[in-house]
Structure formats: structure tokens, C-alpha cells
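Asker: have a look at this prediction, sequence included:
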Amino acid sequence: MKGKGKGAQDNECPLMFPDLEPVDHVKQCPRYTAILSRGESETVGLEELDIIQGDLETLLANAGKRLKVLENEMQILTNWQEKSGEIKPAGKIKGGKVQPDTPNKRGKAADDKPSKKFKDTSGKASSFPPASKLKSKLSQMKLPEPEHIEPSPLELPKLPKNNAVNKFWTSVEPYCADITNDDMKFLEELLRTHEDDAEYLKVPSIGMHYTEKWAEEDLLEEQKQGSKISEKRNGVSDTNGASTLLKSAETSIHDESPFGVLTQRLVSALIEENIMTPIDDEMDEDYPENDSFNESAAISPKELAKQLNLGNPVHLEKRIKKELEDQGILDFDESEEDDENDEILRELRSKQAELKVICQHNILATKKLYKLAKDEMAKQELKKKLAISDSEIMESYRKVQVAKQKKKTPTKKERDAVLKALKDREQIMKTIDLNV
Amino acid sequence: MGRTKGSAGGGSKSMPPEGQSPASSEVSTSSSVASAEIRIKDNLKELFSLIHQVQEERTRGENNLTNISKTHERMQQEQKITPYYKNKLRGLYNNAMQDAEGEAELLRKALDKITEIKAIRENRRFDSDRPKPIMRRGVLMSMLQQNAVTLPLWVSKPGEKPPPLCGAMSADNNYVAKPGDKVAARVKSSDGEENWILAEVSTYSTSTNKYEVDDIDAEEGKERHTLSKRKIVPLPIWKASPETDPEALFPKHTLVLALYPQTTCFYRALIHEPPKKPQDDYSVLFEDTSYPNGYSPPLMVAQRYVIMCKEDKKK
């Protein structure tokens, strides 16, 4: 069977008249033919086995195919005869090889093909007017496409592009790309952000203790609630009362020492002096005053503070300290004395220390990077120049080559250009070597 | 082709025979060289007569085929297909089918005979005291090529399905490759990379489910690998006939593992063109990053060395 069937069929005839020509063994199976021509006394050689195997397999494949085709045809024939009532007399004569487009219609799965075929046939026979013949013919020619020989390539996936390579290179690209001015700007900006680092190392002054704050808030809340009721009654409210109320409560709690350590020390130092001077100079005269002083000393420090109208003892402490330091009496206290009991402060300090180290490192790294980038930029510049110079040289080389082909000696101008390009390149190479 | 799996696969158990081993087990290793010689001679004789029988059968059938083609022509010339012709055609077809069956049967017998002779020859080679020869690369390559060409052809009878290990049909899950069978083995090389190599089964341990396989390429040192079953893919033991068993071939664009020409390694490839004739090879496109589209130009690889790609999507 050599693939050229006599598949001329009428529209109504489902038979395919397949070409069942057997293998021409003289042409296709030379070894087989040779063995056949041997006499009875001869035999097959051991070394011939592989070749004869191939020949026999060709024959076997042919026989197997023929068997399948025949079976298929038989099936069609049987089905056709059963439905023969519907068949219209043939309208066209078609000689041997009129429709070479459909020669390979054979060997389809027996159950699949005939049913298709019959739909086609009956459809045309009953409903299609002659005008649609062309169409039906077309559909017929399309029909043999799902061919037995081609294993039903229904939904073939598109050849997937092997993209792994490009993916890899794009992922690597950023690491190899040239350094641009934008990159430099970014680095500079990064450095600038570190200027604000000091901000994070400040310790905010200690405020009100949270219990006090909360108490105040609670009280305020309650007062508000209360005032709502009282508002209804007399429309007068007194929100300020909260802090005063609290303060009065507070003062009664720690009556003894509203002043800081420094204030107390200072005062006590002054008091002692006060005591000493009158004794030296005018002991007797000042006695009553002394008395009164004693009296005043006897009053509670709290009362004293009130009398002196000192305001916030904390601020006083600070002012005193500043004054003392300015006067040079007290040494500058660099590391503000930390309250050892203040765990929040402790934590804050340790975190700040960590932050400091990290910032330091970041600044160093950024600076290093910046320097490297700058160097690299310079190198890039040189490389660009080199590339330009290279292309110049290539250009002049090409020119010279062309001139040579035309059997012309290059002009002086051209020669100069070449020499200059070469020199330039050498210069660039030197600078690169120096830089590297 | 009617040869059963047993006759094609069951090599002699006592010794690992070389190549695929479709030997009948009566070939004992003790048989002397001389007796093997005689057996081969007898078989060759039988083969000779089988070939003649085939031709007789073919000549007989030829008449009928000529008849059919004549009838076809006549039917096409006449405008009407009469019931007479239909009946006649049926008869002719029936005869032709019987002829074809008979012819195929004889051909199968002849081919079986060839396999048998080859098996005896293989065993004789083993009996000789010479150990397995170490081949030069060129010799090895041509031997592998020859192995592929002479892989038996499977032609299904009507209504028959291609068996496992015929062309693209994968083996049963519980299939165990026999000693001497060629397989693709996933082997970790010294540099840690995993490759599918062509190997020959040495033993299989049922207790551990592990194979011992030898690298087919002896040049690289006699390497023996112990591998779990998962890392072994048996090669087909039949070629599929594209004309009768297209379902046993990998369709176009299938991702497969194929033996790269002139190597003993399997690489990922796409089927470019399945074979058209029994002796044809696949045309495949190997994944190759040195080409702009990621695939090599079409290369020919025999059916024997194209297997299903197991590692589908790693991503």
C-alpha cells in the first residue's frame, strides 16, 4: 500500500476503496528477495539476521495494516447495507484518482468513523439541496483529517518556550548593571537620613507618673459625669477642680521633701553658713532674729516652699543645677545621673546603645559603598570610552579593508585616522591599567 | 506481533545475558558451544523455510488483492453500487483478511525464530570464558544503535491493544526489569548532579525494592549503582508500528527523555515528529540553552531510547 488510494467516492458512498497493494518485496525487501531465490540446500546466514528482521517487519507491518483497513471497510460495508434505503443514486462519476486529497482514509477506529460518515451521508441525502454541494464537498474533504496515521493531535499545546535562560539573566541583571547617577543620589540620601539619628538618642524628660496621670484622668472623668448631672441642676461646672483636688491630696501624702537633692544640699549648706556668721560677728544682737530664723526653720519645708513662692520644685532643682554648673561650682555632669530604679530608662538606654552601633555600621557601610560606586563610575566612564574607541578602530579597519579589496592604498587621511584611533585606545588602556 | 512478554523477556536466569534477552529458557548455560552451534543451524534452516512459506502465502493472497482493486475500479466506474457488488466486496474482503492474518502469523513465527537464534548466540557468547568485553566508545555507540534497530516490532491484531513496554506504553507498576535489561537510571554523579543514564540491570532485590545497575559506558570506570525502583525506567522491549498502533507512540510536543545521539545519557526533549514507518526514528528537540529558542534542532532518536519524562514539573 503506497498511500495513494483510489479513494474516489461519490458523496453517498462511504466506501473508501483503499489501496491494498502488497509490499513490492523485490524493491523494498532486497534481503528477503535474495533469500527466496536461494535453492533448497541453502539457508539463512547468521549475519543476515538483523537485515532480514527489518524486511520481515516491513512485511508484518504491512499485513497488520491491511488487516485493520479491511476490517474497517467491512464495518463500513455492513453499516451501509443496513442503511441502504436512504442512499440516493450516484450523481457523479469519478475516475481513478480524482480526489487525491482523501487517499489516506483508512484504518480509522472502526466504531468511530462509520457513524460520522453516516451522519454526513444521510444529511446530504435528505436535506441538502444541490446548491450546497460545494459546502458538503468541503466538509467531506475535511472529514479525513482525524487520520489514523496521525494519532489524533487534538489540542496540541503550543511549543512551550524554554524561558529559563532569560529568567536567569533578568534576575542577574541588576547585579551587573551600570551604576547610574540615580544610584548615587540614593546613597547620598541614605547618608543624609542618618543626620537625624541624634533624635532617637534623646531621653525625654520624665513626666508625671502614670498612676498620677491616670488618677487625674479618672477624676476628671468622674467630674464630668458628675457635672453633667449638676449641669442640669445649676448649669455651673468646675473642671479645674480635678488637678487642684489631686494636688492637695498629693501634697498631704509626701509632705516631707518636695525639693530635689541638690536644692536640699544647697539650702542646708547656706543655713549652716547663716548660723556660723552671726555667731562670729554679732551673736547677741541677732539672737532674736536667730530666734525667728529658728522659728522659720521649724516650719515644714513644704510651707517654706509655699512662702517663698518657688513654684515647681523640679524646675527649681534644674535651675539650681544649671546655675551651679555655670558658676563652676558643680562639675558638668555628662551622663545625667540615671535613676537606677527606672527600668524604662534602663531599657531605653540599652536600646539606644544598640541603635547607635547599628547606625554607626550603616553609615560606614553606606560611605564605603558610596566610595566604591564613585570609583566604579569612573571605571564605567573609561569603559564607555574604550567601547567607543573600539568601534572607531573597527570602523577604520573596515574602511581599510574595503580599500584593500578595491586594491587602493588607504589615503593619508584614513591612515592618520587609524593611527589616531589606535593611539587613543592605548591611552585609555593605560588609564584603565593605572586605575586598576 | 504475537510474541508474548514471556518469550521476549525471560532470559536465562542463572546468568545475566547481554543485551535484551528474549531467549527461551531451555537454553541452559551448560550447553556446549558445539550444541549451540547445531541449534542455531537448525533454527536458521527453519527460518529459511518459514520465509519461503511467507512468500507462498503472499503470492496466494496477491490474487485476491488484485481482484479487490479491480472490483474497486469497476465499482467506481459504474455510477451505481449494486447489492451485487457489495456482496462481492464483502466476500473479497473476508478472504483478504484471512490471508492477511495467515501471512502475519507466519511472519511472526519467522521473527520469533530470529529472536530465538539471537538468544542462543548471546548465550554462546557468555559461555566463552572471556569476560564481558570492554568496548571502545565507537563500538558501544554502534552496538546501541544496532540494538535499537533490531528491537522487535509490535503489530497489533485487530481488536488488540499494544502491551506495556511497547513504544510509549509504560510498564506496569509492579514490573520488574530482568538482569541484562537496559534501563534508564537516575544517577547522582560525583559532582552532585542527577542524570538519567543508560544502564544495564544487574540484580533486583525484592526485599529492598532496589536495583543494582551498571553504567553501560564502561569507559568511565565500571560503575555500579544501587537505586530504588523509582529511579529506574525500563526501556521499551518492542517498537510500535506507527501504521497499526499509533497510540503507542508519543504524540508531537510530548515532553520525553531521549538518549542524546552519541552519548549514553537521557535528556529532556520534545517530540518534534513521531515515526511514520516501523523502522523510522523519532525526531526530537532537546532542551538546549545554547540555542536561542531553548531547543536543539531536530535530532533523530530511535523508539527504544525515548521514554516518558517522569519529573514533570519541578516548579
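Answerer: Received it, and whenever you're ready, just let me know what you need.

Asker: thinking A:Asp390 is in contact with A:Arg425, fair?
Answerer: Yes. Judged on C-beta atoms under 8 Å, A:Asp390 makes contact with A:Arg425 at a distance of 7.0 Å. Bear in mind the C-beta positions are built from the backbone N, C-alpha and C, glycine included.

Asker: those two: which is more packed in?
Answerer: A count of neighbours by other C-beta atoms under 10 Å in any protein chain shown puts A:Arg425 above the other of A:Asp390 and A:Arg425, at 17 against 13.

Asker: burial count for the residue in chain B positioned nearest to chain A?
Answerer: Distances between chain B and chain A by C-beta to the nearest C-beta are smallest at B:Gly294, namely 2.6 Å. Counted with other C-beta under 10 Å, residues neighbouring B:Gly294 total 20.

Asker: which pLDDT value belongs to it?
Answerer: Looking at B:Gly294, its pLDDT is 86.

Asker: likewise A:Glu86?
Answerer: A:Glu86 is assigned 45 on the pLDDT scale.

Asker: isn't A:Lys385 right up against A:Gln427?
Answerer: No. The criterion here is C-beta under 8 Å, and A:Lys385 misses it with A:Gln427 at 9.3 Å.

Asker: neighbour count winner among the two?
Answerer: Neighbours were tallied for A:Lys385 and for A:Gln427 using other C-beta under 10 Å; the higher tally belongs to A:Lys385 (16 against 12).

Asker: and A:Leu191, how far from A:Lys371?
Answerer: Remark: distance between A:Leu191 and A:Lys371 (C-beta to C-beta, to the nearest Å) = 11 Å.

Asker: and if you look at A:Leu20?
Answerer: 86 Å.

Asker: and the two? which has more neighbours close in?
Answerer: A:Leu20 (25 against 11).

Asker: ok, now which ones touch the nearest residue to A:Gly45 once chain neighbours are set aside?
Answerer: Closest residue in space to A:Gly45, ignoring its immediate chain neighbours: B:Leu44 at 7.7 Å, by C-beta to C-beta, 6 or more residues apart in numbering or on different chains. Neighbouring residues of B:Leu44 by C-beta atoms under 8 Å, 6 or more residues apart in numbering or on different chains: A:Thr43, A:Val44, A:Gly45, A:Leu46, B:Ile117.

Asker: please produce JSON lines containing the residues you listed, extended by secondary structure.
Answerer: Output for those, formatted as JSON lines (DSSP: H, G, I helix; E, B strand; the rest coil):
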{"residue": "A:Thr43", "secondary structure": "coil"}
{"residue": "A:Val44", "secondary structure": "coil"}
{"residue": "A:Gly45", "secondary structure": "coil"}
{"residue": "A:Leu46", "secondary structure": "helix"}
{"residue": "B:Ile117", "secondary structure": "helix"}
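
Asker: specify the local secondary structure of B:Arg186.
Answerer: Taken by three-state DSSP, the conformation at B:Arg186 corresponds to strand.

Asker: got it, and the one 4 residues further on?
Answerer: Three-state secondary structure (criterion: three-state DSSP) places B:Ser190 in coil.

Asker: quick one: residues contacting it.
Answerer: Contacts for B:Ser190 (C-beta under 8 Å, 6+ apart) come out as none.

Asker: would you mind giving both backbone torsions of it?
Answerer: phi -60, psi -30 (degrees, to the nearest 10).

Asker: with B:Leu257 instead?
Answerer: According to degrees, to the nearest 10, B:Leu257 has phi -110, psi 130.

Asker: roughly how far apart are it and B:Ser202?
Answerer: Using C-beta to C-beta, B:Leu257 is found at 21 Å from B:Ser202.

Asker: by mean pLDDT, which helix or strand of the chain comes out lowest?
Answerer: I went with chain A, as the question did not name one. In chain A, no helix or strand scores lower on mean pLDDT, DSSP states H and E than helix A:112-126, which sits at a mean of 41.

Asker: so what's the residue count around A:Tyr200?
Answerer: Neighbours of A:Tyr200 (other C-beta under 10 Å): 11.

Asker: might one say that it is in contact with A:Ile358?
Answerer: No. Between A:Tyr200 and A:Ile358 there is no contact under C-beta under 8 Å: 10.8 Å.

Asker: mind listing what's buried in stretch A:366-381?
Answerer: A:Thr366, A:Tyr370, A:Ala373, A:Met377, A:Lys379 (16 or more other C-beta atoms under 10 Å in any protein chain shown).

Asker: same question, stretch A:69-81
Answerer: Within stretch A:69-81, the residues scored as buried using 16+ other C-beta under 10 Å are A:Val69, A:Leu70, A:Glu71, A:Asn72, A:Glu73, A:Met74, A:Gln75, A:Ile76, A:Leu77, A:Asn79, A:Trp80.

Asker: quick one: the helices in the stretch 301-436 of chain A, in order.
Answerer: A:301-308, A:313-327, A:343-405, A:412-435 (DSSP state H, counting those that start in this stretch).

Asker: using JSON lines, please lay out the ones you listed together with mean pLDDT and distance to A:Cys29.
Answerer: Below are the helices of the stretch 301-436 of chain A laid out as JSON lines (pLDDT from 0 to 100; distance: least, C-beta to C-beta, whole Å):
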{"stretch": "helix A:301-308", "mean pLDDT": "61", "distance to A:Cys29": "127"}
{"stretch": "helix A:313-327", "mean pLDDT": "78", "distance to A:Cys29": "116"}
{"stretch": "helix A:343-405", "mean pLDDT": "88", "distance to A:Cys29": "58"}
{"stretch": "helix A:412-435", "mean pLDDT": "83", "distance to A:Cys29": "69"}
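
Asker: mind putting these in CSV, distance to A:Asp196 included?
Answerer: Putting the helices of the stretch 301-436 of chain A into CSV (distance: least, C-beta to C-beta, whole Å) gives the following:
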stretch, distance to A:Asp196
helix A:301-308, 40
helix A:313-327, 26
helix A:343-405, 10
helix A:412-435, 36
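
Asker: can you check which of these gets nearest to chain B?
Answerer: Using C-beta to the nearest C-beta, those put helix A:343-405 closest to chain B, at 24.1 Å.

Asker: residue contacts, the nearest residue to B:Thr150 once chain neighbours are set aside?
Answerer: Among residues not flanking B:Thr150 along the chain, A:Asp50 sits closest, at 5.0 Å (C-beta to C-beta, 6+ apart). A:Asp50 sits next to B:Gln146, B:Val149, B:Thr150 when contact means C-beta under 8 Å, 6+ apart.

Asker: of all those, which comes closest to B:Leu106?
Answerer: Nearest to B:Leu106 out of those is B:Thr150 (C-beta to C-beta; 19.7 Å).

Asker: what number of residues lie near that closest one?
Answerer: Here the count is done by other C-beta under 10 Å, and B:Thr150 has 21 residues near it.

Asker: so between B:Leu257 and B:Ser202, which is more surrounded?
Answerer: Set side by side, B:Leu257 and B:Ser202 show more neighbours around B:Leu257, with 21 against 15, by other C-beta under 10 Å.
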